[in-house]
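Asks: Just need the structure, nothing else, for what follows:
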Amino acid sequence: MHRSIQAILATVILLVFSSIAVAQMSPFGQSGFTLEESDIAIINQTVAPFYTTSPPPPGTSDAWDNPQSGNRGTATLLKVYDHNDLPCRRIRHDIQVKNVSTLFTFTVDRCQVASGEWKAL
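Replies: Numbers count the residues shown, from 1 in each chain. Next comes the predicted model:
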């Protein structure tokens, strides 16, 4: 996959994960990448332990599966670090969309801001 497409996909996935009311997403029409609101809810549940004050060690992976949409994936905690005195996490998402042979991979960096929210870098 071209680097520019990966950057665009990463940006789109950041927006999706930070949005609460996303019903369906298909940023590239026929590309086959579609997540439903239920997928996003399951992904957020899967990565929640990665954002705790005592996260698991880097390299920890957790799989998710959504029988409703047929989509599935894996989230892997790649790095726990500080950036500008903020606690941060780097997480890789490998997402397999139903009936699509391409594995979509996104790496997301988020840091916890003063309000307690985790924001994308």
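Asks: Which positions in stretch 107-119 come out as buried?
Replies: By neighbour count, with 16 or more other C-beta atoms under 10 Å as the criterion, the buried positions of stretch 107-119 are Val108, Asp109, Arg110, Cys111, Trp118. Bear in mind the C-beta positions are built from the backbone N, C-alpha and C, glycine included.
Asks: got it, and stretch 67-79?
Replies: Going by neighbour count (16+ other C-beta under 10 Å), the buried part of stretch 67-79 is Ser69, Asn71, Arg72, Gly73, Thr74, Ala75, Thr76, Leu77, Leu78.
Asks: same deal with stretch 43-51?
Replies: Within stretch 43-51, the residues scored as buried using 16+ other C-beta under 10 Å are Ile43, Thr46, Val47, Phe50, Tyr51.
Asks: Who is the residue nearest to the spatial centre of the chain paired with across the strands?
Replies: Among the residues of the chain, His93 comes closest to the average C-alpha position under C-alpha atoms, centre = their mean, at 5.0 Å. Beta-bridge pairing of His93 under DSSP bridges involves Ala75, Phe106.
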